[in-house]
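[1] Got a sequence here, can you model it:
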Amino acid sequence: MKRTIPPALFAEVFVLVADIVQPDASLIDEVKAADAFSKLLALFKYREQSGDSDPFLTEALADVTDDNSESIHLYELALKQCAAFPGEGMVSKRTGLARALVEAGRMVEARVQIEVARAEAFRERDSDALKQLEELTATSAAQK
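    All right, here's what the predicted structure looks like:
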């Protein structure tokens, strides 16, 4: 059974991430993005400190973190947090982790994550994830 992310958390994180990446903007408002990132980070830290962590929030922060080593740490943390959230999807977390590992030049670890994510995506019949993983496989192969 697939986990349902709490609607209030989903809405708050969605707005903050949209303000960070600004997908519809022709020119990024850096002040708005920095403010939204600060708020997302504060939300993450607050929930971690209060014992109310959530892998969805952790993954969202990993997705928008510029520091690659921190991003790797956050994806790994999100995967660990999934144990407490039955039905939480792991494919996107593994894909993000694999992408960050490729960027860090850690190809062996990246390929392991790609293969595990591919098996999970296949089980879930997630054709979009499978396509992303094929592209990531090609990228990692090119970087050897």
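
[2] which SSE is the residue nearest to residue 78 when sequence neighbours are not counted in?
    The shortest distance from residue 78 to any non-neighbouring residue, by CB to CB, 6 or more residues apart in numbering, is to residue 58 (3.9 Å). The way it works is simple: take the backbone N, C-alpha and C, and place the C-beta from them, glycine included. Assigned by DSSP states H and E, residue 58 falls within helix 55-64.

[3] quick one: average confidence on that helix?
    Taken as a whole, helix 55-64 carries a mean pLDDT of 98.

[4] Who are the packing partners of whichever helix or strand comes after it?
    Using DSSP H and E, the next helix or strand after helix 55-64 towards the C-terminus is helix 68-81. Using 3 or more CB pairs under 8 Å, 6 or more residues apart in numbering; DSSP states H and E, the elements in contact with helix 68-81 are helix 55-64, helix 91-103.

[5] residues in contact with stretch 9-24?
    Stretch 9-24 has contacts (CB atoms under 8 Å, 6 or more residues apart in numbering) with 28-29, 32-33, 35-37, 39-40, 43, 54, 56-57, 60, 63-64.

[6] buried ones in it?
    Neighbour-count burial for stretch 9-24 flags 9, 13, 16, 17, 19, 20, 22 (criterion: 16 or more other CB atoms under 10 Å).
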